[in-house]
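>>> 3D model of this:
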Amino acid sequence: MTEQPAIVVDRLSKRFGAIRALDDASFEQRPGTVLGLLGPNGAGKTTMVRVLATLLRPDGGRARVAGLDVVAQAAAVRRLIGLSGQYVAVDQYLTGRENLLMTGRLYGMSHSDAISRAGELLDRFGLADVADRQVRVYSGGTRRRLDVAASLVARPPVVFLDEPTTGLDPHGRIALWELLAELTAGGTSLLLTTQYLEEAERLADAVVVIDDGQVIASGAPGALRARAGGDRLEVQAAPGNDPRGLAQVLVGLGTGSPAIDARTGRVTLPVSDGTAVLADLAQRLAGSGMRVAELAVRRPSLEDVFLALTGRPRVQPASDADRADPPGDASTFDSVLGRTR
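Residues are numbered from 1 along each chain as shown. Now for the predicted structure:
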């Protein structure tokens, strides 16, 4: 028997006044996978998460999470999901341990099970040393880790993470990536929103690109990167070296012709895999006698993706938050839990 999708979005629409936050959006997510919902600020990512988490009612279309309708079976959906919203939602006057214990109890766990699960997550997220301090003294990154941990207390089969690495230092980001990989290996389905193509490539089995509430592309992250033109090899000639000679060294190394910036002495070459050509590049440079001042491999950014998909760069809204999302704290995990009992 075919396993049902973790998430099904079918022509979903949502308006806030004159703003169409979601516009006939459709996609599916396979169970036990990570789906990256990719888009810049204002694209509708957070609105999508709020609809799927039953915090907003759609104006049109349908959505199912774990086989359940998010409108008709909203209470049942809430019992099967975890949510870490765009803004950290933990009680600053409780300790980290108390926050996780409270979350477990709200999900209906026994006191002993909630204590055990809280201890497990505190250890896994590197929070054991601050577990019994009030959250108000935590750094922003530490609060974010606690917030993500809270979304996992009840071991939900479907978890929504809205820009989960915001505020994390590189160590915390890598640790979270490793944990998410462990979760999906155990069968958990994750939907995460991000503005970063690199993060989507690292984490996601599939990506959905959303712009102005519409799905404009979907597929494997590598395929999306390829549509944006692949990697770029950037080499800057050392002082006294002619960049035109450097460009000749690069001919035939990539997927296109080298481009020269005469002002900076920088030569740019499109390549299918930037790291794979570095050894060949080193040999060519050694044989030519050319010297370089700087060398870098640049992967496509979200702006590159939008330029490739739409023919125009993405214009960001003035606010850092999704412009179409209503104010308030409806995205908090405790507002979901408060309606499950």
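>>> what's the neighbour count on the residue nearest to R50 when sequence neighbours are not counted?
In this structure, R50 finds its nearest non-sequential neighbour in L56, 4.4 Å apart by C-beta to C-beta, 6 or more residues apart in numbering. In this view, the C-beta of every residue, glycine as well, is placed from N, C-alpha and C. Neighbours of L56 under the rule other C-beta atoms under 10 Å: 22.
>>> check which helix or strand L56 maps to.
L56 belongs to no helix or strand when elements are defined using DSSP states H and E.
>>> now the helices for the stretch 51-200 of the chain?
For the stretch 51-200 of the chain, the helices defined by DSSP state H, counting those that start in this stretch cover 74-78, 96-106, 111-124, 140-151, 170-185, 197-203.
>>> wait, the residue nearest to R50 sits on F16?
No: judged on C-beta atoms under 8 Å, L56 makes no contact with F16 at a distance of 9.5 Å.
>>> now L35. Nearest residue, chain neighbours left out?
Excluding the flanking residues, the one nearest L35 by C-beta to C-beta, 6+ apart is Q29, at 4.3 Å.
>>> which residues touch G245?
237, 288, 290 (C-beta atoms under 8 Å, 6 or more residues apart in numbering).
>>> right, and the residue nearest to L35 touches G36 too?
No: contact criterion C-beta under 8 Å: Q29 and G36 do not qualify, at 10.2 Å.
>>> quick one: common contacting residues for the two?
In contact with both Q29 and G36: A206, using C-beta under 8 Å, 6+ apart.
>>> hmm, which helix or strand of the chain has the shakiest average pLDDT?
Here the helix or strand of the chain ranked lowest by mean pLDDT, DSSP states H and E is helix 333-337, holding a mean of 41.
>>> correct me if wrong, but T268 is in a helix.
No: T268 is assigned strand when assessed by DSSP: H, G, I helix; E, B strand; the rest coil, not a helix.
>>> now for it, how many residues are close by?
By other C-beta under 10 Å, 19 other residues sit near T268.
>>> repeat that for the one 10 residues further on.
A total of 14 residues lie near L278 under the criterion other C-beta under 10 Å.
>>> name the nearest residue to it, sequence neighbours excluded.
Of all residues not flanking L278 in the chain, V297 sits nearest, at 7.5 Å (C-beta to C-beta, 6+ apart).
>>> bridging residues for that neighbour?
When bridges are called by DSSP bridges, V297 pairs up with L233.
>>> from E182, how far out is it?
Per C-beta to C-beta, to the nearest Å, V297 is found 29 Å from E182.
>>> which one's more surrounded, those two?
V297 (15 against 11).
>>> what residues are up against that one?
Per C-beta under 8 Å, 6+ apart, neighbours of V297: 231-234, 271, 274-275, 278.
>>> one more pass at 10 Å, please.
231-234, 271, 273-278 (C-beta atoms under 10 Å, 6 or more residues apart in numbering).
>>> please check those residues and keep the buried ones.
Applying a neighbour-count criterion of 16 or more other C-beta atoms under 10 Å, the buried members of the contacts of V297 are 231-234, 271, 274, 277.
>>> so what are the domain limits for this structure?
Following automatic domain parsing, one gets these domains for the chain: 7-219+317-337, 231-298.
>>> endpoint to endpoint, the shortest one covers what distance?
Its first and final residues considered, domain 231-298 spans 6 Å by C-alpha to C-alpha, to the nearest Å.
>>> tally of neighbours for S272?
Neighbour number of S272 under other C-beta under 10 Å is 13.
>>> no, scratch that, I was asking about V207
Around V207 there are 28 residues (other C-beta under 10 Å).
>>> state the distance from it to F306.
Distance from V207 to F306, counting by C-beta to C-beta: 13 Å.
>>> pull up the overlap in contacts between the two.
Common neighbours of V207 and F306, using C-beta under 10 Å, 6+ apart, are 39, 217.
>>> L68 touches P5, doesn't it?
No: contact criterion C-beta atoms under 10 Å: L68 and P5 do not qualify, at 11.7 Å.
>>> how far away is the most centrally placed residue in the chain from V209?
Centroid-nearest residue in the chain: T194, 3.0 Å away (criterion: C-alpha atoms, centre = their mean). As judged by C-beta to C-beta, T194 and V209 stand 11 Å apart.
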